[in-house]
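# quick one, fold the following:
(2 chains)
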Amino acid sequence: MVSVINTVDTSHEDMIHDAQMDYYGTRLATCSSDRSVKIFDVRNGGQILIADLRGHEGPVWQVAWAHPMYGNILASCSYDRKVIIWREENGTWEKSHEHAGHDSSVNSVCWAPHDYGLILACGSSDGAISLLTYTGEGQWEVKKINNAHTIGCNAVSWAPAVVPGSLIDQPSGQKPNYIKRFASGGCDNLIKLWKEEEDGQWKEEQKLEAHSDWVRDVAWAPSIGLPTSTIASCSQDGRVFIWTCDDASGNTWSPKLLHKFNDVVWHVSWSITANILAVSGGDNKVHTHSPQLGGHGLLVFTPPTRELT
Amino acid sequence: MKLKEVDRTAMQAWSPAQNHPIYLATGTSAQQLDATFSTNASLEIFELDLSDPSLDMKSCATFSSSHRYHKLIWGPYKMDSKGDVSGVLIAGGENGNIILYDPSKIIAGDKEVVIAQNDKHTGPVRALDVNIFQTNLVASGANESEIYIWDLNNFATPMTPGAKTQPPEDISCIAWNRQVQHILASASPSGRATVWDLRKNEPIIKVSDHSNRMHCSGLAWHPDIATQMVLASEDDRLPVIQMWDLRFASSPLRVLENHARGILAIAWSMADPELLLSCGKDAKILCSNPNTGEVLYELPTNTQWCFDIQWCPRNPAVLSAASFDGRISVYSIMGGSTDGLRQKQVDKLSSSFGNLDPFGTGQPLPPLQIPQQTAQHSIVLPLKKPPKWIRRPVGASFSFGGKLVTFENVRMPSHQGAEQQQQQHHVFISQVVTEKEFLSRSDQLQQAVQSQGFINYCQKKIDASQTEFEKNVWSFLKVNFEDDSRGKYLELLGYRKEDLGKKHIKEEKEESEFLPSSGGTFNISISGDIDGLITQALLTGNFESAVDLCLHDNRMADAIILAIAGGQELLARTQKKYFAKSQSKITRLITAVVMKNWKEIVESCDLKNWREALAAVLTYAKPDEFAALCDLLGTRLENEGDSLLQTQACLCYICAGNVEKLVACWTKAQDGSHPLSLQDLIEKVVILRKAVQLTQAMDTSTVGVLLAAKMSQYANLLAAQGSIAAALAFLPDNTNQPNIMQLRDRLCRAQGEPVAGHESPKIPYEKQQLPKGRPGPVVGHHQMPRVQTQQYYPHGENPPPPGFIMHGNVNPNAAGQLPTSPGHMHTQVPPYPQPQPYQPAQPYPFGTGGSAMYRPQQPIAPPTSNAYPNTPYISSASSYSGQSQLYAAQHQASSPTSSPATSFPPPPSSGASFQHGGPGAPPSSSAYALPPGTTGTLPAASELPASQRTENHSVQDQAPMLEGPQNGWNDPPALNRVPKKKKMPENFMPPVPITSPIMNPLGDPQSQMLQQQPSAPIPLSSQSSFPQPHLSGGQPFHGIQQPLGQTGMPPSFSKPNIEGAPGAPIGNTFQHVQSLPTKKITKKPIPDEHLILKTTFEDLIQRCLSSATDPQTRRKLDDASKRLEFLYDKLREQTLSPTITSGLHSIARSIETRNYSEGLTMHTHIVSTSNFSETSAFMPVLKVVLTQANKLGV
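Modelled structure (predicted):
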């Protein structure tokens, strides 16, 4: 059951390309081809424009909220080849950092689990993925994976922070030995899994092949305490796959076709509890997906826009 | 950015969009020669593998052809969606021939790859196009204005679109309309384009600017707009692309003049109508927006002309260009850097021949540009305008709280060009609910918790249970909220106490028939046989020898009976000897029961008998060890049992109230990840936690790791369904686990708590400072403030029941049952300053003032017993009443000088009662031996038949255990610490006021006690624990007796406690009813010769009552009257030693003569000479009566 509880008129002057709520679900960030990023307070069904962020010189594709432990931070990426990190200070949003290390459109940004620190992965049409790590005092360290995806990386998504061999968070205080991983999808029809080596370099760990066209989006499911890792991917080919990996080493991934649509599927998004997958295709459908039961149902979500028109 | 290249001088055709992987077919170009001057021709197929970073294309197949080609297209004819069949390759040859190839056969390496061939055309076939609506229709154009429409299903006979145009001219381009399937356009180098309507079979319009300078080299329909098309001109004098709209066909809509020389080929992107590729003799490859004329992109190419250019249908960012230098290059228009990774095998053949003029144009070709690594780092910028295919038009993203954020960019039906204004730019926030049943069950659970309607809730669950196990679990949980929980557990296990009782009564009746009449004479034999020896031993009071003799003679019953008379120590020894000898099947059980070694049962029973083991534990175990034993049994079931038994462990954990283990066990057995199965678990856990809170008063605020994980998982699920408030309610709030604290913070904020300003101080994370940091409010470590404060049951209100703890201390070894000295007890008391054992049981306050505390107890009131789950191991009405009687007796005995509290409750105004019954009534006292006062509040007790109070004596020796609590409740600190306004449990029993008048003058009773009994040895027998009364006698005795009466409760009292009077938790805690199984329910008459005692004493009390006016005195007398029942019981049982009975008769006689002082002297004599444990139950009371009678002069 999906019911609209709030309709936000963004007043964007062109296409909206992304809309993301913050950690608490109280603020909404949107970005658009009109080159702007907007932030709204949407508590209690309202909509108050908090910020209208200008700085990109091209369409802004995605926005991503950092974990609130680092403050109010929003990253945006654009066709202008730039990534901008915005930050709220004393109630005012300002550009905090600009990353111009890509040669083509930056299509996706994703913050690493907060446990790792402030790390942003950026996927670009130049085929590279860059990783920005905040090192303090306004400095960001950049690592770049070149040729991650030929003719373009469309999506990046971090694996949840799970300490190998333990399902339960270790007691605070000691720093767990996390293995950092993320997934990326690109125009080479591949999903790739990347892992940080002990020397801090990123290495391709897996290549997942099932799609026959551009991988439009990948989404690593939040950890729900099970040893299974799950990734959803969607593609230009209309297919949505659920990839699962049960073994501890993380090497054996098996795909399962969730659904084949007749049109490109643009976006996949897991619910916080990883039991629902929202699939955005031409017809904006929301799927419920139960990894445990192995099945899925189709929950047709009528796009509100059409109802209004 | 160049992706691939192939050194071929060839026409090219991409595989159709449906095809995966992507292939590029090349056919040797007619009219061109490569450096070898070879006239051989071939058809090749390459695969575009973008995962391979090298510039080489992977060749899949080569087919040597006898033809060279002017045009090559790849149609999706007969291609299914799976792409199994790879369509058809259609080639236009030099001699009017059209050849159909099967690409799948070429790839497979077949020799017969030609599907069909037809040479109906005149001259070279330069123009080919496949109808995208009917892929079996192919249009071709050649010289002499020839246009044919081929049906691939019937290839032999082509059709014509109409009469040939005149004058005859070459057809250089042909194209099907992209929107209307029966419209076709053709163009010729002469500059004219003709549009045909196949339905009318004639040309419908001719497009020409009449300049005569348009030499059409390219023709393309608008992908979206049916009436628009572009024409490209090869003429260097007019190197333009004209955009035509057939609705205004008199002149071009727009003219793109971006090339400096003639345009050789164009390609319009099907993926984005704003992208039109063109390549010209100026050696440029441009990408323009035909709708605006703007050049969006210029491919960085070599200096060569390209004569053919194609978009890849499947990968919209990829295009291929064939250049005159004999190379086909594949580019991406998305920019990117060409780095050193790209390498290509140099075509050795072409390089070996150097630069030639393959076309004989007289212009030597520029040197072959072999890619140089040093030049590879140029950065290629992407299109100025983002292509349509990367502009994401839709999105749905989840956020916290089950919210789904969606947006769409739907174009309203509108005039073209105005869509920007018509677009709606709304974002929708929706609530997604997928687990309705989960939510409704969660709601029910919450209601049950709020309304405290646990029993109803459990009953509903029982009724709705699908499986027997589920039913059991809920039945067990329900019992927690009922009175006599242990008894009901037993019933659930299949043991009904009543049944046993009935059986027993029967036996009893039968037995009684054989009872020897007490009145007869008997012969005392002192002969040399065993009988005689025993007799001798008995006559000399040598019980030990007598017992030994009996044992030796295998007269077990005699031995035991004698041992009982011989005292506790002897009895214990005798029991051990008996067990060592006895070998019956149930010996171990009996041993465990008598020795109270339940651990033995639990540890070593056959797991199949887990029910029996659990039953035994339920029946006998003391509260402090009860949980541990259930735990132990559960653990065994879990570890050693099969899968079925493992699940039964849950029942043990429920009995034990061990939430954490229940969670662990349940999780092991069930799949807890599904919302409903998690709900199953949480329901049980929540109910069990409530039960534990109500009953054991354990500190339920401690949440184990596993439980915390489950509860936060549950809260997460609730939150994910949008039930933020419910999630908050269920989230354990008294834990420091970071994940829970974080979730709480998140939930609170998600609820819409105003976020003050920019930052909130409560975030449970260490904030990091970002660049440009004026120190924001973010900085600093913020602790969750709520964690400590938001406890459902703050410690002060819900302290651990001291009684239990004390008990544990008192009886360190379960089997030993060693009474602890009062001194010992005292030391134990202070650590538990907030002893309100009943508190947890009755979370709902019924009054805050002191008066509430004095509310009379309803002795049999079910609520009390309900509230006290641990109460009776085996609760029985009879035992209960017996107990209260005993208390009454004790009360009297222990406070001879105090005014008897006959009518309880005492008025609040009474200092004494206030002190004891105050709100802060020490828990320890209640937890232990019920303060004597309680009995006063139990009027029903006295009315119960004395017969029901039998068999209490067997536990006499346990009496000392009662000392502790009584001292404890006198402990001033304890009283002080409990604020008056604390909730008082209904079943709270105010301690007897009697002692207070005496205790108060003494000051701190505790210290006094300690002084008096410095060494506080733990007496093994009751006698030894009360040395002082004997020693001091007289006056000191009087002074001390109070504390002793309290502390060293006569053994006989312990028994009543065992029976667990409702509201007398103490009793419960102590009750291991040794005698229970054999408890006699029948009541014997008082022997005639002793009846006089009863009548005399009762008469005296009546007389006192009639003249006493002071309510306090009356109360004491009432109380005494009840407590004397204990004496009567002893008389019935004939267990009193002759010296005592004769002494009592002396007292009775002195009462007859109203010589009370004589009676008191007699009384003192009895007390000092008799076994204290025998008399302590009633003698103090008797003294009270005598004293009062003396005072009143009745």
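
# quick one, what contacts the closest residue to B:Asn153 other than its chain neighbours?
The shortest distance from B:Asn153 to any non-neighbouring residue, by C-beta to C-beta, 6 or more residues apart in numbering or on different chains, is to B:Asn136 (5.2 Å). (C-beta placed from N, C-alpha, C; glycine too.) For B:Asn136, the contacting residues are B:Tyr77, B:Lys78, B:Asp151, B:Leu152, B:Asn153, by C-beta atoms under 8 Å, 6 or more residues apart in numbering or on different chains.

# next: A:Phe182.
By C-beta under 8 Å, 6+ apart, the contact set of A:Phe182 is A:Cys110, A:Ala112, A:Ala121, A:Val156, A:Ser157, A:Trp158, A:Ala159, A:Leu193, A:Trp194, A:Trp220.

# excluding sequence neighbours, find me the nearest residue to it.
Residue nearest to A:Phe182 in three dimensions, not counting chain neighbours: A:Trp158, with 4.5 Å by C-beta to C-beta, 6+ apart.

# same question for B:Phe454.
Nearest residue to B:Phe454 in three dimensions, chain neighbours excluded: B:Phe481, at 4.6 Å (C-beta to C-beta, 6+ apart).

# what residues sit buried inside stretch B:1109-1118?
Across stretch B:1109-1118, burial judged by 16 or more other C-beta atoms under 10 Å in any protein chain shown covers B:Gln1112, B:Thr1113, B:Arg1114, B:Arg1115, B:Lys1116, B:Leu1117, B:Asp1118.

# export it as CSV, just CAs?
What follows is stretch B:1109-1118, C-alpha atoms only, in CSV (Å, rounded to 0.1, in the frame of the first residue of the first chain):
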residue,chain,number,x,y,z
THR,B,1109,-10.8,-1.2,75.9
ASP,B,1110,-7.6,-0.3,74.2
PRO,B,1111,-8.0,-1.3,70.6
GLN,B,1112,-4.4,-2.2,70.4
THR,B,1113,-4.7,-4.6,73.3
ARG,B,1114,-7.8,-6.1,71.7
ARG,B,1115,-5.9,-6.5,68.5
LYS,B,1116,-3.2,-8.3,70.3
LEU,B,1117,-5.6,-10.6,72.0
ASP,B,1118,-7.3,-11.4,68.8
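
# leaving out sequence neighbours, find the closest residue to B:Leu100.
Distance criterion C-beta to C-beta, 6+ apart; nearest residue to B:Leu100, sequence neighbours excluded, is B:Ile115 at 4.0 Å.

# quick check: mean pLDDT of the helix or strand hosting that neighbour?
Assessed by DSSP states H and E, B:Ile115 sits inside strand B:114-118. What strand B:114-118 shows for mean pLDDT is 88.

# which secondary structure elements does that strand sit against?
With contacts taken as 3 or more C-beta pairs under 8 Å, 6 or more residues apart in numbering or on different chains; DSSP states H and E, strand B:114-118 sits against strand B:98-101, strand B:154-159.

# ranking the ones you listed by mean pLDDT, which is last?
strand B:154-159 (a mean of 87).

# mind checking which of the contacts of B:Asn136 are in helices?
Secondary structure assignment by DSSP state H places none of these in helices.

# which of those residues sit farthest apart?
B:Lys78 and B:Asp151 (12.6 Å; C-beta to C-beta).

# check which helix or strand B:Arg1115 maps to.
Here B:Arg1115 is assigned to helix B:1111-1133, by DSSP H and E.

# quick check: mean pLDDT of that helix?
82.
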